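Asker: the sequence isn't on hand, but the structure is:
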């Protein structure tokens, strides 16, 4: 099918409403627009640069933790939660009671993402994996009663208070297994010569159109993008997350997805998607460069600590994975006494590497502020 001639599907009359039934997508595709090819080339170039750059950074897994946290906050923010990156890093005990549900949703997203990435070592990217990831996503939070880990068995809708005034009504529940089977086949069909970024762009649109779960579809659909890039070796490490781009351009994100269904305009969605890959890859490269610069400056600063340098380097490494911390946690992590941890923390405060953020004399909390700023 030529992308410019795409026909998205049709509405099917149900009892008192019409559901949108998308066409299946596991078929031959042809990119017949030069503009799309140009954007694809630019996105591939930047994604390749990010992949190469990420392989050159020692201890990159420490830095990826913050990328995943940011993805968790932004993907959840699209769905209406209000947790920011500073709160996401904090322990639950320091989160205000009215914000704990939002905080937990972000933690669930991070856990689900990490679980899914680990599973790719033993499981293919599949409906089975998506279901298992979905189960983790909704564990103990809003939506926990909405069949976590299972495709929906009832009609859902987007926007409005009921089917009667819904903005969009996805396919009937009876269609979901077949449509999701087709989507899985499409992702693994190597005989159809579809460029990977075009394939996952189409797949993300199709997933959001099917809306196979009763809740959590947006988050799983965005997570699917990173899983696909890693499972197909476009990225050796999970370093690209598009939720920040989608959140900053939220109206365009929804408008372009909707336009595919209303105007058969798959081209505009793919242009938007490819621009997201290009600009996010570029931003991620710059973030990694800033991290390296920050680490080098901090390592230069701790030279002044003399024989404490080895312990200071271990503390600095710890801060990259836990940039908001307290003395007890530092002591436990580094295997030192609390009094030694306090002295080490004081050294880092004097060097300007971390700052105290409570203003208290006891139970103080410290922030690796310059690092967190890179992800705000």
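Answerer: Cool, got the structure. What you are looking at is a predicted structure, and each value in this text was computed from that prediction instead of being measured. Residues are numbered from 1 along each chain as shown.
Asker: quick one: least confident helix or strand in the protein?
Answerer: Between all helices and strands in the chain, the lowest mean by mean pLDDT, DSSP states H and E belongs to helix 60-78, at a mean of 77.
Asker: next helix or strand past that one?
Answerer: For helix 60-78, the following helix or strand on the C-terminal side (DSSP states H and E) is helix 85-89.
Asker: pull the distance from that next one to the chain's centre.
Answerer: 15 Å (CA atoms, centre = their mean, to the nearest Å).
Asker: helices or strands up against that helix?
Answerer: Applying 3 or more CB pairs under 8 Å, 6 or more residues apart in numbering; DSSP states H and E, we find helix 85-89 packed against helix 60-78, helix 100-119, helix 369-373. Where C-beta positions appear, they are placed from N, C-alpha and C, glycine not excepted.
Asker: orientation of the least confident helix or strand of the chain relative to helix 100-119 in degrees?
Answerer: If you take axes from the mean of the first three to the mean of the last three CA atoms, to 10 degrees, helix 60-78 sits at 130 degrees to helix 100-119.
Asker: buried ones in helix 60-78?
Answerer: Neighbour-count burial for helix 60-78 flags 60, 62-78 (criterion: 16 or more other CB atoms under 10 Å).
Asker: neighbours of residue 334, how many?
Answerer: 16 (other CB atoms under 10 Å).
Asker: check what pLDDT the spatially closest residue to it that is not a sequence neighbour gets.
Answerer: Closest residue in space to residue 334, ignoring its immediate chain neighbours: residue 314 at 5.6 Å, by CB to CB, 6 or more residues apart in numbering. We have a pLDDT of 93 for residue 314.
Asker: doesn't residue 330 make contact with residue 314?
Answerer: No. The pair residue 314 / residue 330 is not scored as a contact, 9.8 Å apart, by CB atoms under 8 Å.
Asker: who has more neighbours out of these two?
Answerer: residue 330 (23 against 16).
Asker: can you give me the mean pLDDT across the helix or strand that contains residue 10?
Answerer: Here residue 10 sits within strand 9-13, counting by DSSP H and E. Here strand 9-13 scores 94 as its mean pLDDT.
Asker: equivalent analysis for stretch 229-249, please.
Answerer: For stretch 229-249, mean pLDDT is 89.
Asker: what's the end-to-end length of it?
Answerer: With CA to CA, to the nearest Å applied, stretch 229-249 spans 22 Å between its terminal residues.
Asker: how about it: buried residues?
Answerer: Judged by neighbour count using 16+ other CB under 10 Å, the buried positions of stretch 229-249 are 229-231, 234-235, 237-247, 249.
Asker: in helices only, show me those residues.
Answerer: 229-231, 243-247 (DSSP state H).
Asker: just the strands in this protein please.
Answerer: 9-13, 18-22, 324-325, 355-356, 366-367 (DSSP state E).
Asker: which helices and strands does the last one pack with?
Answerer: Using 3+ CB pairs under 8 Å, 6+ apart as the contact criterion, the neighbours of strand 366-367 among helices and strands are strand 324-325, helix 338-350, strand 355-356.
Asker: among the ones you listed, which comes closest to residue 127?
Answerer: strand 324-325 (37.2 Å; CB to CB).
Asker: which strands and helices sit next to the closest one?
Answerer: Counting contacts by 3+ CB pairs under 8 Å, 6+ apart, strand 324-325 is packed against strand 366-367.
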